[in-house]
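Student: here is the input, now give the coordinates:
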Amino acid sequence: MPEFMAMATLAKPAAQTIGKLNLFSLHADFPASVRACWLTTTIARIAGESWKPVAGMWTLDNLKASDSIVRMITKEAMQADVMIIAVSSPSYGEPTLESLAAGPGNCPGAGLLVGLLEDEAEDEGESRELVKLLRDRAQPLGRDFVWMKDFPDETGSLIGKLEILLKRKQRLA
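Tutor: Numbers count the residues shown, from 1 in each chain. Predicted structure coming up:
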């Protein structure tokens, strides 16, 4: 009679969780939300099983809402390890992103701000202005900036900066 292996020997042991990886995204419209969601999932997969991803997702239009909603979104954004701003058109973001610069960062030197632009965006001048705007927002918030236009082909710089972030977080854990 054949012997059966116990299920415990087949199951992979659970990885020890190092901590939470807070992911936050703001998107302009449905296509941008799909890209932001895909990037959030990609970041969680890159981070691996040792990190528990916690994700929040808002539309940029919510930043035009009441002051209490704006404060809540800004607080969540500032507590995030990775903040993703996804737009389909480079002209969308400037006025609504102003409120993000107002809040102090809770993770100075240990966060990322990822700008994600639709591949088909045509106006290079507006694209450069959006890059400059986001880069200017990242610096006072203590965040490294990653710009991704040819998504998902440009994940190399993101992976490098994400690995640095995770090592920093692990040292602090």
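Student: which residues touch the helix or strand where residue 114 lies?
Tutor: Using DSSP states H and E, residue 114 sits in strand 111-117. Strand 111-117 has contacts (Cβ atoms under 8 Å, 6 or more residues apart in numbering) with 32, 35-36, 39, 80-88, 90, 105, 127, 130-131, 134, 137-138, 141-149, 151, 158, 161-162, 165. C-beta here means a position set from N, CA and C on the backbone, and glycine is covered the same way.
Student: filter those down to the ones in helices?
Tutor: The members of the contacts of strand 111-117 that map onto helices under DSSP state H are 32, 35-36, 39, 127, 130-131, 134, 137-138, 158, 161-162, 165.
Student: least confident of the residues you listed?
Tutor: Lowest in pLDDT among these is residue 127, which has 71.
Student: could you report the neighbour count for that one?
Tutor: 18 (other Cβ atoms under 10 Å).
Student: circling back: can I get the buried part of the contacts of strand 111-117 as one PyMOL selection?
Tutor: Listed next is the PyMOL selection for buried residues among the contacts of strand 111-117, using 16 or more other Cβ atoms under 10 Å:
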select buried, resi 32+35+36+39+80+81+82+83+84+85+86+87+88+90+105+127+130+131+134+137+138+141+142+143+144+145+146+147+148+149+151+158+161+162+165
